[in-house]
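> The sequence and its predicted three-dimensional model are supplied below.
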Amino acid sequence: MDRLRRLVAYGRTAAGLYGYLRQPLSQDEAERLVAAALPRRQARLLALLQRVYARPDDPYRALLVHAGVAYPAVEALIEREGVDGALLKLAAAGVYVSLDEFKGRRPIRRGSLELPVAPDGFAAPDGAGLRVRSGATRSAGTPTLIGFELLAEEAAHRSVLVGSFGHGRGPVALWLPILPGSAGISNVLRYAKLGRPPDPWFSHAPVSLGRGGQAAGQTRAMLRLGRLFGSALPTPEYVPLAEADRVAEWAVAHRRQGRQCQVVTYVSSAVRICATGARLDGVLFVVIGEPLTAARVAAIRASGADVTCTYSLTEAGTVACGCGDPAAPDDAHVLLDRAVVVRHRPETGGHAVDGLFVTTLSPHARKVMLNVETGDSGRLTERLCACSYGRLGYAQHLDSVVSYEKLTGEGMTYDASELARVVEEVLPIRFGGSGTDYQALEEVGADGLTRLTLLASPRLGPLDEAAVVAVLRAELRHGTAGHRLAEMIWGQAGSLGVRRAEPVPTTRGKLFPFAVARPSPGGRR
């Protein structure tokens, strides 16, 4: 029976991919789709809530009922307050889900309500597409389906994004790992929908597509099927961080032929490409995975290239796309047709931050999200700008995004709570002292690259720093494929180091095992 289900799922995926690839999306059509979806925000939120109320076992329904909010009341609330205002009112009434609750790490608790939730408790209806797992450190990750309808929506937005920079045509290269997660293959399929599949696909990770488990096998099958259906999907090629010049050479070769081109990669990887000294005028970097700071923008633009960013969540898909008329280094338009982003102020690290809640509006969303905490902070503003998104009426901007819950160096995602275990338990046992003698600090250097520095108190006396780094790397490798990839990439980058200094308390005097260097007024993290 399991084999039959797998065959049926494979057949659905093949049929879905065929339909997806056989109808490419033009730039004009993409703009029409993005413009037409904007007025449907309220209708989409109401449809989401109707589905929630119709499911007796839905965790969001339990929260709404506990808050005493029936469907007619929430419908009136949306009519009165608008989409964003209504969601803020619901959050204040307890209708929200924290990140740990959403990941299934702890039950939902609101007063007398206690509701255990499985990791897949927020799954969207099943369908055809890519099956991936979100990053995780205390579990194997939460399963997520990326449907072809969702990829088509995201392809339309990618077309609008690059069109703002005059890059509606020209070759595209990826420099993203094959595994884990979905960034690589998702970007391949987005551009394939636009009739311009990336070629080449450079991968940070030396993972053979003939090995590496279910995710690698799915990637191999998706690429082969795409070629069978007539789309020139690429074969990944291993290019470690030390060989960034190979990516630069690809771009230079196309520029010599007078072609504009794009490179889709992590922020730090784009900085490394531009640090090779190559002139990259006419190249557009579409960067993901890390904060795009003023220093990093300057480092990329010094090569002659331009840069823009996207903000995505594994469970929600793309939430914001870069502005072609930016007022901040990482200025991005919230994709109002696909998601609602509102701010709340959780206490973290001893201070309040502008944390973000996300609600999915797209009927094709990877997960059902209703006021779900993202673990990121950021600033929301309203401004009609001169870029393509501004012309289409997308006036909400998101910038200054930084995570307060996970590491993001070199585009990798690693849960800070697992690092806390290493700092508070493993290091004191191996090298002496207590958990308050060590602190992991993520910071961006003057070169625009992220480093993870372990602060070790001078009170500890002589310390074999190389041995400390070795233990730290060994501990980071534990667990999922995502752990191993993060440790490998950070090892390639030389991102891990030790500094003999006292751990830094917060402004309220609290000492935490993990800290992120906060942004300065100049936009640096």
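Nice, I can see it. Residues are numbered from 1 along each chain as shown.

> hey, where'd the helices end up in the stretch 401-525 of the chain?
In the stretch 401-525 of the chain, the segments counted as helices under DSSP state H, counting those that start in this stretch are 416-421, 427-431, 465-476, 481-493.

> quick one: contacts of the lengthiest helix in the chain?
Longest among the helix segments of the chain by residue count, using DSSP state H, is helix 71-92. Outside helix 71-92, the residues within contact range by CB atoms under 8 Å, 6 or more residues apart in numbering are 41-42, 45-46, 49-50, 53, 64, 67, 69, 96, 340, 342, 344, 357, 359, 370-371. For every residue, glycine as well, the C-beta is placed using N, CA and C.

> Out of the helices of the stretch 401-525 of the chain, which is the most enclosed?
Highest mean neighbour count of the helices of the stretch 401-525 of the chain: helix 481-493, a mean of 20 (counted as mean count of other CB atoms under 10 Å).

> Extract the CA atoms of that helix and return them as CSV.
The C-alpha coordinates for helix 481-493 follow below in CSV (Å, rounded to 0.1, in the frame of the first residue of the first chain):
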residue,chain,number,x,y,z
ALA,A,481,21.5,17.2,7.2
GLY,A,482,21.0,21.0,7.7
HIS,A,483,23.4,20.9,10.7
ARG,A,484,26.0,19.2,8.7
LEU,A,485,25.7,21.5,5.8
ALA,A,486,25.9,24.6,8.1
GLU,A,487,29.0,23.3,9.8
MET,A,488,30.6,22.5,6.4
ILE,A,489,29.8,25.9,4.9
TRP,A,490,31.0,27.8,8.1
GLY,A,491,34.1,25.7,8.0
GLN,A,492,34.7,26.6,4.3
ALA,A,493,34.2,30.3,5.2
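
> what about that helix, distance to the chain center?
Chain-centre distance of helix 481-493: 17 Å, with CA atoms, centre = their mean, to the nearest Å.

> could you give the angle of that helix to helix 465-476?
In terms of direction (axes from the mean of the first three to the mean of the last three CA atoms, to 10 degrees), helix 481-493 departs from helix 465-476 by 150 degrees.

> any idea of the mean pLDDT for helix 481-493?
Across helix 481-493, pLDDT averages out at 79.

> what's the answer for stretch 156-165, then?
Per-residue scores along stretch 156-165 average to 96.

> What are the contacting residues of it?
Here stretch 156-165 makes contact (CB under 8 Å, 6+ apart) with 25, 27, 29-31, 33-34, 168, 190-191, 194, 262, 284, 286, 306, 308, 310, 318, 321-325, 335, 338, 387-389, 392.

> Restrict it to CA atoms and write it as CSV.
Taking C-alpha atoms only, stretch 156-165 is exported to CSV below (Å, rounded to 0.1, in the frame of the first residue of the first chain):
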residue,chain,number,x,y,z
ALA,A,156,5.2,35.9,-11.3
HIS,A,157,6.5,38.0,-8.4
ARG,A,158,10.1,37.2,-9.4
SER,A,159,9.4,38.5,-12.8
VAL,A,160,8.1,41.8,-11.3
LEU,A,161,11.1,42.0,-9.0
VAL,A,162,13.8,41.6,-11.7
GLY,A,163,11.8,43.7,-14.1
SER,A,164,12.1,46.6,-11.7
PHE,A,165,15.9,46.4,-12.3
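
> quick revisit: CSV for the helices of the stretch 401-525 of the chain, including distance to H204?
Shown next, in CSV, are those (distance: least, CB to CB, whole Å):
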stretch, distance to H204
helix 416-421, 21
helix 427-431, 28
helix 465-476, 16
helix 481-493, 6
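
> Specify the stretch among those helices that is closest to L233.
Between L233 and those, the tightest spacing by CB to CB is seen for helix 481-493, at 22.0 Å.

> From the contact counts, what lies against the closest one?
Judged by 3 or more CB pairs under 8 Å, 6 or more residues apart in numbering; DSSP states H and E, helix 481-493 is in contact with strand 414-415, helix 465-476.

> Among the ones you listed, show the one with the smallest mean pLDDT.
Lowest mean pLDDT within these: strand 414-415, at a mean of 72.

> What pairs with that strand, parallel or antiparallel?
Here strand 414-415 has these sheet partners by DSSP bridges: strand 406-407 (antiparallel).

> Return the distance of the strand it pairs with from the chain's centre.
Distance of strand 406-407 from its chain centroid, counting by CA atoms, centre = their mean, is 11 Å.

> before we move on, back to that, out of the contacts of helix 71-92, which sit inside helices?
Using DSSP H, the subset of the contacts of helix 71-92 located in helices is R41, Q42, L45, L46, L49, Q50, Y53, L64.

> rewinding a little: now the helices and strands packed on helix 481-493 as a markdown table including distance to D331?
Supplementary listing: the helices and strands packed on helix 481-493 in a markdown table, determined by distance: least, CB to CB, whole Å:
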| stretch | distance to D331 |
| --- | --- |
| strand 414-415 | 26 |
| helix 465-476 | 33 |
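
> Could you tell me the average pLDDT over stretch 282-289, please?
Mean per-residue pLDDT for stretch 282-289: 95.

> Can you get me a residue count around the residue nearest to K367 when sequence neighbours are not counted?
Closest residue in space to K367, ignoring its immediate chain neighbours: E315 at 3.8 Å, by CB to CB, 6 or more residues apart in numbering. By other CB atoms under 10 Å, 22 other residues sit near E315.

> I'd like the numbering to begin with 25 instead of 1 from here.
Yes, from this point I'll number from 25; that puts the last item at E339.

> pretty sure E339 contacts M393?
Yes: the criterion here is CB atoms under 8 Å, and E339 meets it with M393 at 6.4 Å.

> Give the buried residues for stretch 187-206.
187-189, 191-192, 194-206 (16 or more other CB atoms under 10 Å).

> Next, count neighbours for Q74.
Neighbours around Q74, by other CB under 10 Å: 12.

> Pull the contacting residues for it.
Y95.
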